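Chemist: let's see this in three dimensions:
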Amino acid sequence: MQLDLNLLTALDALLEEGSVGGAARRLHLSEPATSRALGRIRAAIGDPILVRSGRAMVPTPRAQAIRAEVHALVERAQAVFTPPGEPDLGRLERTFTVLASDAAISLGPDLLARVRAVAPQVVLRFLGETPTADAAQLRDGPADLDIGVIHRPPPEIRVEPLVTDTMAVVVRAGHPLATGRLTRPRLAAAAHVSASRRGKLTGPVDDDLAEHGLRRQVAMVVPTFSAGLLVVARTDLVGLMPRGLGAATLESLGLVALDPPMPLPPIEIGMAWHQRYDADGAHSWLRSVVREAVAS
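Modeler: As a prediction, the model looks like this:
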């Protein structure tokens with residue numbers, strides 16, 4: 001027999017009201033329609049459910065045995081079809097996995113403070129960007145959110161711009177380039193550390209220098225900006241870093257940020273997520289916290 005969930009709702013009303021008339025009013029049906037539903041329920045269960053006792057109707061032992069279970073099933077079914085409300089952040093237990101460049105991970109302390117202030121049981125798990133497509137990790141893998149430069153996302157990935165950052169030339173305190181005007185020839189004459197998760201040796205700086213007949217020497221390539229800054233702090237190598245997102249790291253390492261002597265493309269930082277999280281209340285809250293942390 002095919003299950004009719006409408007009968008479950010009718011059975012719950014009949015057991016709660018103890019009469020066809022009361023159940024009809026609760027269900028907004030006519031008494032004949034409710035009586036027909038009772039007949040179908042009796043046939044499906046193989047039990048009278050409600051029987052006449054004088055002028056009233058009383059439940060059978062079978063009805064009494066299943067009453068609580070039926071009511072719980074109806075409540076659970078209603079919850080499935082009820083739009084989600086705001087999550088109870090104080091009791092929310094969830095681990096959010098965030099893909100992020102190491103520059104974006106610098107948001108971590110502020111983001112964590114904001115999260116724990118209202119949702120102390122939430123865990124933030126940061127994963128570094130990979131040379132492969134990050135969209136696959138949002139679509140199929142463990143990632144809930146991607147913060148960084150979003151490259152050509154597929155249609156099912158939502159993207160929201162967060163901030164436009166600029167690149168700064170970074171040197172240790174007391175470095176010769178920290179004194180005087182920084183020009184293209186001075187920048188080209190210095191040895192550099194390049195940060196590239198794909199291991200690239202050249203970039204927009206090299207394109208601009210080449211147009212002016214100059215070429216810089218890249219002495220080292222590291223996979224992240226943070227690793228590059230650690231090298232800069234202990235050597236005379238020159239690095240590049242997103243100015244805004246890297247400000248806290250620069251300060252903690254005692255590094256000096258300089259304006260580059262050429263125009264460099266801005267860095268468009270955004271966050272991306274799979275569309276399945278559009279209506280997820282907890283995920284929506286996390287996105288709002290990220291916006292606040294970036295804005296601050």
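Chemist: distance of the residue lying closest to S296 once chain neighbours are set aside relative to A247?
Modeler: Leaving aside its sequence neighbours, S296 sits nearest to D110 (CB to CB, 6 or more residues apart in numbering; 6.4 Å). No exception for glycine: its C-beta is placed from N, CA and C like everyone else's. As judged by CB to CB, to the nearest Å, D110 and A247 stand 12 Å apart.
Chemist: who touches both of the two?
Modeler: Here D110 and A247 have no joint contacts, going by CB atoms under 8 Å, 6 or more residues apart in numbering.
Chemist: from memory A188 sits against E211, does it?
Modeler: No: the pair A188 / E211 is not scored as a contact, 11.9 Å apart, by CB atoms under 8 Å.
Chemist: comparing those two, which residue is more hemmed in?
Modeler: Remark: of A188 and E211, A188 carries more neighbours, 19 against 10, as counted by other CB atoms under 10 Å.
Chemist: state the distance from S101 to A195.
Modeler: For S101, the distance to A195 - CB to CB - is 10 Å.
Chemist: and if you look at P260?
Modeler: P260 is 15 Å from A195, by CB to CB.
Chemist: then R62?
Modeler: For R62 relative to A195 (CB to CB), the value is 72 Å.
Chemist: so if I had to pick from these two, which one is more boxed in?
Modeler: A195 (23 against 13).
Chemist: give me the beta-bridge partners of that one?
Modeler: Legend: beta-bridge partners of A195 under DSSP bridges are V222.
Chemist: I figured it hits L237, correct?
Modeler: No: if you go by CB under 8 Å, A195 and L237 don't touch, sitting 11.2 Å apart.
Chemist: packing partners for the lowest-mean-pLDDT helix or strand in the chain?
Modeler: Scoring the helices and strands of the chain by mean pLDDT, DSSP states H and E places helix 102-105 at the bottom, with a mean of 74. Under the contact criterion of 3 or more CB pairs under 8 Å, 6 or more residues apart in numbering; DSSP states H and E, helix 102-105 touches strand 123-128, strand 145-148, helix 225-234.
Chemist: that's a strand at D47, yeah?
Modeler: No: counting by DSSP: H, G, I helix; E, B strand; the rest coil, D47 is not found in a strand; it is coil.
Chemist: what confidence value was assigned to the nearest residue to it once chain neighbours are set aside?
Modeler: Excluding its sequence neighbours, the residue lying closest to D47 (CB to CB, 6+ apart) is R62, at 4.2 Å. Model confidence at R62, given as pLDDT, is 93.
Chemist: backbone dihedrals for R62, please?
Modeler: Phi and psi for R62, reported as degrees, to the nearest 10, are phi -60, psi -40.
Chemist: can you give me the strands in this structure?
Modeler: 50-53, 56-59, 95-100, 123-128, 145-148, 157-165, 167-172, 191-195, 217-222, 239-242, 255-258, 267-274 (DSSP state E).
Chemist: buried stuff in the last one?
Modeler: If I follow you right, that is strand 267-274. Going by neighbour count (16 or more other CB atoms under 10 Å), the buried part of strand 267-274 is 267, 269-274.
Chemist: and what of the third one?
Modeler: Along strand 95-100, these residues count as buried under the neighbour rule (16+ other CB under 10 Å): 96-100.
Chemist: all helices for the stretch 1-150 of the chain, in order.
Modeler: 5-17, 20-27, 31-45, 61-80, 102-105, 108-118, 135-139 (DSSP state H, counting those that start in this stretch).
Chemist: chain center to the fifth one: distance?
Modeler: Its chain's C-alpha centre and that of helix 102-105 lie 15 Å apart, by CA atoms, centre = their mean, to the nearest Å.
Chemist: what residues does it touch?
Modeler: Residues outside helix 102-105 that contact it (CB under 8 Å, 6+ apart): 126, 128, 147-148, 165, 224-227, 241-242, 245-246, 269.
Chemist: got it, and the second one?
Modeler: Outside of helix 20-27, the residues within contact range by CB under 8 Å, 6+ apart are 9-10, 13-14, 16-17, 30-31, 33-35, 38, 50, 57.
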